[in-house]
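# Model the following, please.
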Amino acid sequence: MEISFIIIAALFAIWLTPFLVVATSDRTSGSEKLAWLLGMFFISWFAWIFYILLAPLKQREYERV
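Residues are numbered from 1 along each chain as shown. Coordinates of the predicted model:
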């Protein structure tokens, strides 16, 4: 019983990790971050892979040169 709880907790931590990475990231903010989090929730890890490859979708005003 204890081992199964540890396995379930470890799997939950692995599943939760991408959400924490996106939520604490500075690459996006506001509604764009919310859209990525919702996409990850409904589409799963594929959205996280797209986040790593594509975010941010547009540059912030102060980053434009």
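
# hmm, who's touching the longest helix along the chain?
Secondary structure of the chain read by DSSP state H shows that its longest helix is helix 2-24. When contacts are defined by CB atoms under 8 Å, 6 or more residues apart in numbering, helix 2-24 is touched by residues 28, 33, 36-37, 40-41, 45, 48, 51. From N, CA and C alone the C-beta is placed, and that goes for glycine too.

# Make a PyMOL selection of the buried ones in these.
Listed next is the PyMOL selection for buried residues among the contacts of helix 2-24, using 16 or more other CB atoms under 10 Å:
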select buried, resi 28+33+36+37+40+48+51
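
# From the contacts of helix 2-24, which land in helices?
Using DSSP H, the contacts of helix 2-24 in helices are 33, 36-37, 40-41, 45, 48, 51.

# Just flag the most distant two among those.
Using CB to CB, these reach their maximum pairwise distance at Lys33 and Trp45, which is 17.2 Å.

# Sketch out the low-pLDDT regions of this protein for me.
The chain contains residues with pLDDT under 70 at 1, 57-65.

# Appreciated, that's everything.
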